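> Next input, structure requested:
(chains A, B, C and D)
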Protein chains: 4
Amino acid sequence: MTKKIRDVVYGFVILDEQECAIIDHPVFQRLRRIRQLSLTDMVYPGATHTRFEHSIGVMQMATDMFDCIINNNKRILEKEYSLDETGIKRARKVIRLAALLHDIGHAPFSHSGEDLMPLLPPGHIRYVENGNKKYEHEEYSIAIIKNIFQNLIEKHRINNNFHISVEDVTALLGDPSVKVDALSLLWKELISGQIDADRADYLLRDSIHLGVNYGLYDRNRLINCLTLGHSETGDLILAIEEKSWHIAESLVLARYQMFSQVYFHKVRRIYDYHIQMAVKEILKYKRDGKGVYPTPDELDEYLSFDDWEIYSGLKQHLGGAHGDIILERKHFKCIFQSQLIPTDADEKEIEKLKEQYKDTPNYLDDKASTLWYKLDKDIIIYGNKHTQPLSEKSAIVKAMSEKTVQKRFYVAREIS
Amino acid sequence: MTKKIRDVVYGFVILDEQECAIIDHPVFQRLRRIRQLSLTDMVYPGATHTRFEHSIGVMQMATDMFDCIINNNKRILEKEYSLDETGIKRARKVIRLAALLHDIGHAPFSHSGEDLMPLLPPGHIRYVENGNKKYEHEEYSIAIIKNIFQNLIEKHRINNNFHISVEDVTALLGDPSVKVDALSLLWKELISGQIDADRADYLLRDSIHLGVNYGLYDRNRLINCLTLGHSETGDLILAIEEKSWHIAESLVLARYQMFSQVYFHKVRRIYDYHIQMAVKEILKYKRDGKGVYPTPDELDEYLSFDDWEIYSGLKQHLGGAHGDIILERKHFKCIFQSQLIPTDADEKEIEKLKEQYKDTPNYLDDKASTLWYKLDKDIIIYGNKHTQPLSEKSAIVKAMSEKTVQKRFYVAREIS
Amino acid sequence: MTKKIRDVVYGFVILDEQECAIIDHPVFQRLRRIRQLSLTDMVYPGATHTRFEHSIGVMQMATDMFDCIINNNKRILEKEYSLDETGIKRARKVIRLAALLHDIGHAPFSHSGEDLMPLLPPGHIRYVENGNKKYEHEEYSIAIIKNIFQNLIEKHRINNNFHISVEDVTALLGDPSVKVDALSLLWKELISGQIDADRADYLLRDSIHLGVNYGLYDRNRLINCLTLGHSETGDLILAIEEKSWHIAESLVLARYQMFSQVYFHKVRRIYDYHIQMAVKEILKYKRDGKGVYPTPDELDEYLSFDDWEIYSGLKQHLGGAHGDIILERKHFKCIFQSQLIPTDADEKEIEKLKEQYKDTPNYLDDKASTLWYKLDKDIIIYGNKHTQPLSEKSAIVKAMSEKTVQKRFYVAREIS
Amino acid sequence: MTKKIRDVVYGFVILDEQECAIIDHPVFQRLRRIRQLSLTDMVYPGATHTRFEHSIGVMQMATDMFDCIINNNKRILEKEYSLDETGIKRARKVIRLAALLHDIGHAPFSHSGEDLMPLLPPGHIRYVENGNKKYEHEEYSIAIIKNIFQNLIEKHRINNNFHISVEDVTALLGDPSVKVDALSLLWKELISGQIDADRADYLLRDSIHLGVNYGLYDRNRLINCLTLGHSETGDLILAIEEKSWHIAESLVLARYQMFSQVYFHKVRRIYDYHIQMAVKEILKYKRDGKGVYPTPDELDEYLSFDDWEIYSGLKQHLGGAHGDIILERKHFKCIFQSQLIPTDADEKEIEKLKEQYKDTPNYLDDKASTLWYKLDKDIIIYGNKHTQPLSEKSAIVKAMSEKTVQKRFYVAREIS
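Residues are numbered from 1 along each chain as shown, chains lettered A, B, ... in the order given. Below you'll find the predicted structure:
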């Protein structure tokens, strides 16, 4: 028994029984209450879609990508890794599960919640003394998969065919406790990499729900030009067919345009700040003064938080001044913004403003800092038996490898 | 100072200062927390859009319709109602306000909340002894406009040009306390009628966010063919130009298809039931045993309810068995559905099922009863100086004037 | 070696070597010079797309339909017809070839050329004494496949796998000289039937190129709900899954709307007349006074005609008065049109006009007569092991089974 | 009496009587027989749309742009140029006519025909001794407007309101015989400039008909952010509002992507060559050995050529070897292509191939040379009362100002 779900990007997504069972679990259903883009609807009213919809979409996208890679590279996968029909089906299932669950540990209001994660305890694998390092949402995802979805993954009768363990799944999400082989490293690229299914899905989905076309790259073509090349160490790596290298460029450009015109929008950014401040207050109130989320060891409590829960707190005025700002849409106003790479004049202006407003808490000195394209994670173009990095083929992509740091200065309405 | 909002249907909607002020009011911002289609996202995950987005859209649609009607009928409006440039601008503003605020009084989970409205008190204009008549959401909208938005409407400096009163606005929403003239009756058609801006907007918007195309009629063409005709009593009435009568037919068909394939979807319908039962429990808990919403005289309390508030209650298990069904997506299953007009065999089957399950509360005997097209509100086609009802021109529309009553029988999973 | 072609409906269409060879043949390339919709661009300027594009699309659509039917009915096809993997692959190839070539015999300006086909000779299978029956474009298609594409079909090395004969292909196009078995009759439905790939493709393609949305039914869903049922005689027949019967209804409605708003457009219809009259003149000039196309026995001459050839004749003023009307876009004007089913008053008006213009050749008394839905070819809905005709489930479709005959009266500009 | 035409980009375009009369003229109707993208349909089958459709679209786009600029800059236009309502209406009409007629002089097969233009005679304004300079299609457009459309422009009763002369129109198309004032120079930008209506239209239209999304920039937003700034000389110039500068960047990127993925497609390029060679043969045949088009002094003969006329010649095998290549789609194959900026290795490879094939005429050594963004025509961003060039704000656009010269080597099939 399979089931079809209607999707704005793919038309339909087909699920098997196990996937249905995972999706119907209350912890997965919680994703219906985590919006994909936090308070972006304050600027783009259509931006009310959720991590629920996106998670199912990433599963479909990863599957489409996988199927095409297999189709184009059956012989080499068999030769180098002895991968046959059975192995392919099993890998496909692991990828689907990892894609479906990759965002399961998200905090409310998506990325704006990351500063409210608790500090890592000594002994944690990433702990650095005085480093003030925090938990990341991926660690919650891994903990949830291992603790809550183990039965649904390992004991489901469909798994009689595959004998997949939760570690097989978390390995693709970067679980440091699992040793990964070359093949898993390859599939991991589909979940998080320069051309992963996550990015490939959200660019399209966000564009559709917001009513913009900046992110509408050519999905059909992207999927069809995925192939495998060899890294310098001889391992198989994800690559783009040379004759279609422009599609890789267009994906990079689509992402750039979505960031510069939507995700980094000046009003959207300030609401990230307001919601973060408000959630901190609510966490203090609900967690005996601790203004941070529970750790991955306190999953039940952690999972009780979602956008709707927080909103309910805002309405009870538990979110402090920033909470009320959200309810009345009276956000701080941006009174200055620099060029993408601030000039000296820009820097001076910012300093002047800081001096001017230093005695009031009601301002924000914001940096939207980014590297549009990371040369150390260059997309690989493969053709004629040799590989070439995308940044070498495209002067445009090369130009995106310089860091930009747009600075903005916001102040509260009453003093603006 | 105007402001542009991005919209999935219109590209951009332009707002003046007054409209911005209304939208930024917390009571209007509340619409961000009332989803347009209740729990439809249980079936179509993209259906997370809200009354907020829709309300702004209806304002734009009503304006576009109005502008076109004026453009095509300036002379006749001047001749019959002495309407000049000033009068046109004022009428336009009243229509925009009415459209923007037409849904301001919606209860959580939209239409599924209507059975939880309180009973009308004796003395209410629609009261009938033992009639068990309830308040309707339009009455809340009218009360809110009069009590909460009066200042923003009447005292805003932009209103210096128009001297619009709240009654001018509520008249278009069917306020029985306001006497309306022929011209207001005409504009009222744009807010609620067979081809109103509400319907014209939601068919498109719902289609986009759900990823279906059933409702995607031709907006450009619809707007361009709106005109005025004369009713039998000689009043001006909204009509469709004869040469474009097929577009009216296509709007009726778009609506039919959205209802039959989305709004009446068997799983969607059962969640309307589950949420209604769950909200009743929550209302009992929060309102001292009263399982209904506050009346329009208790607006503050009424407005404290929204989808997110209710959901927060569900998570605290205040929603009873039906609340938990929602959290775990374990809805009753439809074990039988009749033809659109039930046959004798269908009726017998339903009776048999009722008998079989009569000792358990865990079933629902549902009727989706509708008249797809109401002949007494026939769309008017105008051409060559005479009018003709749409149902006379289109055999298809005529066929939709017969009542259908699809019956379904649902039972809880554990007994299905 | 496969090849991908970009397509506005499907994104990409993938072709094998044999299909590429067929497409590159000059006789197939000729379809680039036969517009899909004749002179429809006189009304909808985007309507310049050709039978070339459509033919490739129909191949893709037929394949998608076939794949889904197979997927849903493998067991029954094996049980009743012993169809295994090999048989499926062969059937798929025959269907692809038939779909690709189904329009190969089209005359210039598509359907408007049908009245200019030569009379059937005595002895022809459809000949009736004094019946004035003419050749149909399907007969040219069949002749071309057999005479011109035999080698490319039968001798191509890809055919080593299938041993397909041209008769296998023409059987699906209604070749009366081939005896067809039950299975071929089933596949034939995919090429010409109530829900065939031809219709399913052109509704979408025409809508896209014209910029209308009347024909944009839900392709994804249509394809996914195709299945097989049993006819009264026990044969397998094409059917729609019961739970998705509304999609069948929506296809019928999409077609109705495209016809009523595009194909039967009053200006479009008159250009069908003008081009037919003009082509007749050109045929007389080029073919020694014979104002008809060559017969299927004179294929070379027949194939020398295409839209561009005819246009070149128009410019040399070989098309007579009607040709010049086209060049200057001075078409006859429609001075009267009746209701879809003419009333008595309509009929009288037409008679009056005929009387008035009887002494001039410059008028046209046009009938757009159609049955929107043929009850004797009712779409079959299959569910719960029994079948039901669509017209029984849908009152709307039922209403479309009455014949409509819209009458129009056109006169030349100079006398209008 | 206005008339509406359906358009794939704008929904509808509304025409006045004069514009209808111009469009219905046989010389304008000829544009129905000049495809927008020459033989691009050999690669993208949907590319059959024509200059006819595009010309009407450019008129609409230019009008939308103009209306928005006026709306945002009324005060300054009045202050600096005393432009009032009357002047605005007249300017609008001139722009509409220039936009509508800007491509009226195109040769068959669009740009691929430019090498077949006749040499300039001594005395021509652009003549340079031994310069081998040729006529350009704009010169034909200007000649046609002056010679053929003078009456329709100057004597049409609608022109009673404006007293527009043909020189007013041709001035916007770069007519060197007309002295232009600052205001005309400004409007000229809308017809040909970095963000002109021509480009703004074809990127969208080509994308739709080809089924690609590379060119689908955000039209709504582009139009809304057009404004006026001051050049260094103090004249008003077309500019983009600073807060929307990313939309200017996205237009540049859309164009880049359409060129790199469509217009410079390797198969498309070779057909430009084949058709140019074939047309040369046909011109020799039809024009007594002169393998070039007639001059602007021989308009009647020039206008007798269109795509369909040429195709008719191809079919009579008047196009020589290259003509037959087109009919059979047996184009030269690309056996080598360089990086966008050829490396030394690339240059050596090309030299080797030239040497290898030097004794056969059946090869082409092609250079697709372009500057994606011209710094001397930098788009102007205007905000806070000062202007800044786009290339300063966008590192990506800056990166596009380096010349690229992709080289390719094609050889005939029989020797490949």
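> ok, the residue in the stretch 51-200 of chain A that chain D sits nearest to - contacts?
The stretch 51-200 of chain A approaches chain D most closely through A:Ala200 (14.4 Å), counting by Cβ to the nearest Cβ. From N, CA and C alone the C-beta is placed, and that goes for glycine too. For A:Ala200, the contact set (Cβ atoms under 8 Å, 6 or more residues apart in numbering or on different chains) comprises A:61, A:65, A:219, A:222, A:251.
> From the structure, what's the count of residues near whatever residue of the stretch 1-150 of chain A ends up closest to chain C?
For the stretch 1-150 of chain A, the residue closest to chain C is A:Gly11, as judged by Cβ to the nearest Cβ, at 3.7 Å. With neighbours defined by other Cβ atoms under 10 Å in any protein chain shown, the count for A:Gly11 comes to 17.
> so what's it up against?
So A:Gly11 contacts B:211, C:220-221 (Cβ under 8 Å, 6+ apart).
> before we move on, back to that, between the helix or strand hosting the residue of the stretch 51-200 of chain A closest to chain D and helix B:197-210, how many degrees?
For A:Ala200, the host element (DSSP states H and E) is helix A:197-210. Interaxial angle of helix A:197-210 relative to helix B:197-210 (axes from the mean of the first three to the mean of the last three Cα atoms, to 10 degrees): 170 degrees.
> Quick one: name whatever helix or strand follows helix A:197-210.
helix A:219-224.
> What residue spans form the domains of chain A?
Under the assignment automatic domain parsing, the domains of chain A span A:1-104+A:149-261, A:332-416.
> Pick the most deeply packed of those domains.
Highest mean neighbour count among the domains of chain A (mean count of other Cβ atoms under 10 Å in any protein chain shown): domain A:1-104+A:149-261, with a mean of 20.
> Return the distance of that domain from the chain's centre.
When distances are taken as Cα atoms, centre = their mean, to the nearest Å, domain A:1-104+A:149-261 is centred 11 Å away from the chain's centroid.
> related to what we said a few turns ago, can you give me phi and psi for the residue of the stretch 1-150 of chain A closest to chain C?
phi 80, psi -70 (degrees, to the nearest 10).
> A:Thr50 now?
Residue torsions, per degrees, to the nearest 10, at A:Thr50 are phi -120, psi 170.
> gap between whichever residue of chain A sits closest to chain D and A:Leu253?
Here chain A gets closest to chain D at one residue, A:Ala399, 3.5 Å apart by Cβ to the nearest Cβ. The gap separating A:Ala399 from A:Leu253 is 11 Å, by Cβ to Cβ, to the nearest Å.
> Mind listing the shared neighbours of these two?
Contacts common to A:Ala399 and A:Leu253, judged by Cβ under 8 Å, 6+ apart, are D:Ile396.
> returning to that earlier point: in JSON lines: the contacts of A:Ala200, plus distance to A:Met258 and pLDDT.
Converted to JSON lines, the contacts of A:Ala200 look like this (distance: Cβ to Cβ, whole Å; pLDDT from 0 to 100):
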{"residue": "A:Met61", "distance to A:Met258": "16", "pLDDT": "98"}
{"residue": "A:Met65", "distance to A:Met258": "20", "pLDDT": "97"}
{"residue": "A:Arg219", "distance to A:Met258": "15", "pLDDT": "94"}
{"residue": "A:Leu222", "distance to A:Met258": "15", "pLDDT": "95"}
{"residue": "A:Leu251", "distance to A:Met258": "11", "pLDDT": "95"}
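> and stretch A:263-274, anywhere near chain B?
No - using Cβ under 8 Å from any Cβ of the partner chain, stretch A:263-274 stays clear of chain B, coming no nearer than 10.2 Å.
> Does chain D have contacts with that stretch?
No - Stretch A:263-274 stays clear of chain D (Cβ under 8 Å from any Cβ), getting no nearer than 8.9 Å.
> Export that stretch to CSV, keeping only CA atoms.
Output of stretch A:263-274 as CSV, limited to C-alpha atoms (Å, rounded to 0.1, in the frame of the first residue of the first chain):
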residue,chain,number,x,y,z
TYR,A,263,16.4,35.8,3.2
PHE,A,264,18.6,38.9,3.8
HIS,A,265,15.7,41.3,3.3
LYS,A,266,16.2,44.1,5.9
VAL,A,267,12.8,43.7,7.5
ARG,A,268,13.0,40.0,7.6
ARG,A,269,16.4,40.2,9.3
ILE,A,270,15.1,42.4,12.1
TYR,A,271,12.3,40.0,12.9
ASP,A,272,14.8,37.2,13.3
TYR,A,273,16.3,39.4,16.0
HIS,A,274,12.9,40.3,17.6
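> Which parts of the stretch 301-416 of chain A are strands?
Listed in chain order, the strands of the stretch 301-416 of chain A (DSSP state E, counting those that start in this stretch) span A:333-337, A:363-371, A:380-383, A:386-389, A:403-411.
> Partner strands of the third one, with direction?
In this case it means strand A:380-383. In the sheet, strand A:380-383 lines up against strand A:236-241 (parallel), strand A:386-389 (antiparallel) (DSSP bridges).
> now these as CSV including mean pLDDT?
Output for these, formatted as CSV (pLDDT from 0 to 100):
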stretch, mean pLDDT
strand A:236-241, 94
strand A:386-389, 91
